[in-house]
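J.: Show me how the following folds:
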Amino acid sequence: MTESEFLDVSDAVFAKIELALDDVEFDVDSLRTGNVLELEFEDGSKVIVNRHAANQEIWLAARSGGYHYRLLDGRWINTRGDGELFADVAAAISAHAGAAFAF
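T.: Residues are numbered from 1 along each chain as shown. Modelled structure (predicted):
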């Protein structure tokens, strides 16, 4: 995939996360700046989702750790073990918010 295609696909990932957060009952602020989507929770904790264009990966940072995902067969799969991006983002948001969250 070209860099332009990667940027389009990763923009769609950011948009999906932001749209899903519009419907939640808990307090979370999202801020997208360039390649980074920062989610800040009421207690000041953060979940960071960013894209790394050079590797064509999306990275996730949360209390549980840091993770890298690559698009394989239409799914963002963890490059260092088991896991799928949206499932892991949902788990991180739930842990930080102290409330259930799902896409």
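
J.: What is the longest helix of this protein by residue count?
T.: Counting by DSSP state H, the longest helix found in the chain is helix 3-21.

J.: what is the rounded mean pLDDT of that helix?
T.: Mean pLDDT, helix 3-21: 95.

J.: Pull out the buried positions in the next helix or strand after it.
T.: Using DSSP states H and E, the helix or strand that follows helix 3-21 in sequence is strand 28-33. Using 16 or more other C-beta atoms under 10 Å as the test for burial, strand 28-33 gives residue 28. No exception for glycine: its C-beta is placed from N, CA and C like everyone else's.

J.: phi, psi of residue 76?
T.: Main-chain torsions, residue 76, degrees, to the nearest 10: phi -90, psi 110.

J.: so the longest helix of the chain versus strand 28-33, what angle?
T.: Orientation check (axes from the mean of the first three to the mean of the last three C-alpha atoms, to 10 degrees): helix 3-21 against strand 28-33 gives 160 degrees.

J.: Which strands and helices lie in contact with helix 3-21?
T.: Counting contacts by 3 or more C-beta pairs under 8 Å, 6 or more residues apart in numbering; DSSP states H and E, helix 3-21 packs against strand 28-33, strand 36-41, strand 46-52, helix 85-97.
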